[in-house]
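Asks: could you look at this predicted model? Sequence included:
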Amino acid sequence: MPKKSKIYNFPVGNGDMTLIEIASNDKYFRILCDMNIRESSNRQINGFDNSQCDVIARLHEIIETDENDRPYIDVLLLTHPDEDHIRGFSKYFHSGSPEDYNAASNDDDYNKIFVREIWSSPIIFRRKQKNHSLCDDAKAMNKEAKRRVQLYRNNGYIGIEGNRIRLIGEDTNGKTDDILNIVYKRDDTINTVNETYIQELNVTVLAPLDDDDFPDDVSIDKNRSSIVMRWAISSHGRLIATNHLLLGGDADVHCWEILHDKYRFNTDALEYDLLVAPHHVSWRTLSKDSYSESDDPQVCDKAKLALGHAKEGAVIIASSNKILNDDNDPPNYQAMKEYKSILSSVDGEFKSLATHKPNGKRYPEVLAYRLTSDGLQEEEGSDKSDSTKVAAGMAKVAAVQIPHG
């Protein structure tokens, strides 16, 4: 049976963790976009279920080992260095020279995951450090990224697996001018994974945005620096993309407003079958008004339009805690209603990872979709208690993950 590309959405509370598995040339290439591996979601303690998905166990079930018996992913993509997007990196992923990799000394521990290539941005760390301190995992990730960049500077070429890095977006003040061969600029198209050409893949870099893109009265912070990418993926062995994903980390209302203006005459760049709702269904992704402090908070029309290019049958995924009609933000109940209104005209579906409990599970499970020539198709075995069909009628299943902002 031919291999099928898939996208796995891990339930990690208010955080993001998405694995894109691309089938090409009868092989799988796996890209992990962010992670939030909480200690309470690790292996069961004393045999008792802790009511959270064991995401690290699930990840190890999906990925493979290489010829050196190392579990690996082809690419680790960090959209921005908030803790709920990088938690678990130090404990579960190898850092440093590939030659220094060691297997776990305890049979009950997982071998660390070997990262063949990193996709990251110097801007996301620079803007984060200016106003906020980095968590320990983000510091470790930043150190590893710098190690790989320095190796490229020293050698002048892409190194071996485990030393590779691609930067998403240029740094300020010409700091990446000498290494532009490993930099993907805005509007660039990516069709290589771990230095291997993938005919089934075309990724468009939409952000991080440049300083000059923002109005003078808007401060440039960590969320406004998030990497935003639109993924076009074709079925195994085919050239025409039938699956479109929009992932935007924590990109906030100002980012989406700017992206609307930039692509208002090229809206194909923002179309999706699957959107991960930014900032875990945060109101501030859709509005400049505080939901709790404003008497009449208004939706920013441009931001909603930018996030509103849902294709027929699209699915929007809430990577968040359970959405309640309360004052929490994120996730925000009114923001969820706005996303559902986007889906109402395309017979779409809103999915909550926090309530995706198939087959009577007591805790949320991974939500997976196959990427086929007919679009996205939810993996069998999932129940529908976690979803809301926004309009009547049967359309092809497509999934949208909302960015974390």
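Replies: Great, that's in hand.

Asks: quick one: the residue nearest to residue 123 when sequence neighbours are not counted from residue 163, how far?
Replies: Excluding the flanking residues, the one nearest residue 123 by Cβ to Cβ, 6 or more residues apart in numbering is residue 208, at 4.9 Å. Glycine gets a C-beta too; all of them are placed from N, C-alpha and C. Relative to residue 163, residue 208 is positioned 24 Å away (Cβ to Cβ, to the nearest Å).

Asks: now do residue 106
Replies: Counting by Cβ to Cβ - residue 106 and residue 163 are separated by 27 Å.

Asks: of the two, who's got more company?
Replies: residue 163 (18 against 6; other Cβ atoms under 10 Å).

Asks: going by length in residues, pull out the top strand of this structure.
Replies: Looking across the chain with DSSP state E, the single longest strand is strand 310-318.

Asks: in the helix or strand following that strand, what counts as buried?
Replies: Next helix or strand after strand 310-318 toward the C-terminus (DSSP states H and E): helix 333-343. Of the residues in helix 333-343, 333, 335-336, 338-340, 342-343 count as buried by neighbour count, 16 or more other Cβ atoms under 10 Å.

Asks: which neighbouring elements make contact with helix 333-343?
Replies: strand 310-318, strand 349-352 (3 or more Cβ pairs under 8 Å, 6 or more residues apart in numbering; DSSP states H and E).

Asks: now the angle from it to strand 310-318?
Replies: 160 degrees (axes from the mean of the first three to the mean of the last three Cα atoms, to 10 degrees).

Asks: any idea how far helix 333-343 is from the chain center?
Replies: Helix 333-343 has its C-alpha centroid displaced from the chain centroid by 20 Å (Cα atoms, centre = their mean, to the nearest Å).

Asks: which other residues reach that helix?
Replies: Here helix 333-343 makes contact (Cβ atoms under 8 Å, 6 or more residues apart in numbering) with 277, 281-283, 285-286, 291, 297, 299, 304, 307-308, 310, 314, 316, 318, 323-326, 329, 348-350, 388, 390-391, 402.

Asks: which of those residues are buried?
Replies: By 16+ other Cβ under 10 Å, these give 277, 281-283, 285-286, 291, 297, 299, 304, 307-308, 310, 314, 316, 318, 323, 329, 348-350, 390, 402 as buried.

Asks: need the contact list for residue 136.
Replies: Neighbours of residue 136 in contact, by Cβ under 8 Å, 6+ apart: residue 90.

Asks: stretch 10-25: end-to-end distance?
Replies: 26 Å (Cα to Cα, to the nearest Å).

Asks: in the stretch 201-350 of the chain, which spans are helices?
Replies: For the stretch 201-350 of the chain, applying DSSP state H, counting those that start in this stretch gives helices covering 253-262, 301-306, 333-343.

Asks: need the ones you listed in CSV (columns: distance to residue 268 and mean pLDDT).
Replies: Shown next, in CSV, are these (distance: least, Cβ to Cβ, whole Å; pLDDT from 0 to 100):
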stretch, distance to residue 268, mean pLDDT
helix 253-262, 13, 96
helix 301-306, 13, 98
helix 333-343, 17, 97
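
Asks: now the helices for the stretch 1-150 of the chain?
Replies: Under the criterion DSSP H, counting those that start in this stretch, helices of the stretch 1-150 of the chain are mapped to 55-62, 83-86, 89-92, 122-131, 136-155.

Asks: how many neighbouring residues does residue 157 have?
Replies: 9.

Asks: and if you look at the one 10 residues further on?
Replies: Neighbour count for residue 167, taken as other Cβ under 10 Å: 23.

Asks: so it sits in a strand?
Replies: Yes: according to DSSP: H, G, I helix; E, B strand; the rest coil, residue 167 belongs to a strand.

Asks: chain neighbours aside, what residue packs nearest to it?
Replies: Here the residue nearest residue 167, using Cβ to Cβ, 6+ apart, is residue 183, at 4.6 Å.

Asks: list the neighbouring strands of the longest strand of the chain plus their orientation.
Replies: strand 272-276 (parallel), strand 349-352 (parallel), strand 400-401 (parallel) (DSSP bridges).

Asks: go through those strands and name the closest to residue 233.
Replies: strand 272-276 (9.6 Å; Cβ to Cβ).

Asks: using PDB, write out every CA atom in the closest one.
Replies: What follows is strand 272-276, C-alpha atoms only, in PDB (Å, rounded to 0.1, in the frame of the first residue of the first chain):
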ATOM      1  CA  TYR A 272      -6.200  26.600   4.000                       C
ATOM      2  CA  ASP A 273      -7.900  23.300   4.500                       C
ATOM      3  CA  LEU A 274      -6.400  23.200   8.000                       C
ATOM      4  CA  LEU A 275      -5.700  26.100  10.300                       C
ATOM      5  CA  VAL A 276      -4.300  25.800  13.800                       C
END
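
Asks: what stretches of the stretch 1-150 of the chain score poorly on pLDDT?
Replies: 40-50, 127-132 (pLDDT under 70).

Asks: take the helices of the stretch 1-150 of the chain and lay them out in TSV including distance to residue 4.
Replies: As requested, the helices of the stretch 1-150 of the chain are exported to TSV (distance: least, Cβ to Cβ, whole Å):
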stretch	distance to residue 4
helix 55-62	13
helix 83-86	27
helix 89-92	26
helix 122-131	32
helix 136-155	31
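
Asks: most tightly packed of these?
Replies: Stretch with highest mean neighbour count among the helices of the stretch 1-150 of the chain: helix 83-86 (a mean of 22; mean count of other Cβ atoms under 10 Å).

Asks: so what secondary structure elements neighbour that helix?
Replies: Against helix 83-86 (3+ Cβ pairs under 8 Å, 6+ apart) you get strand 35-36, helix 136-155.
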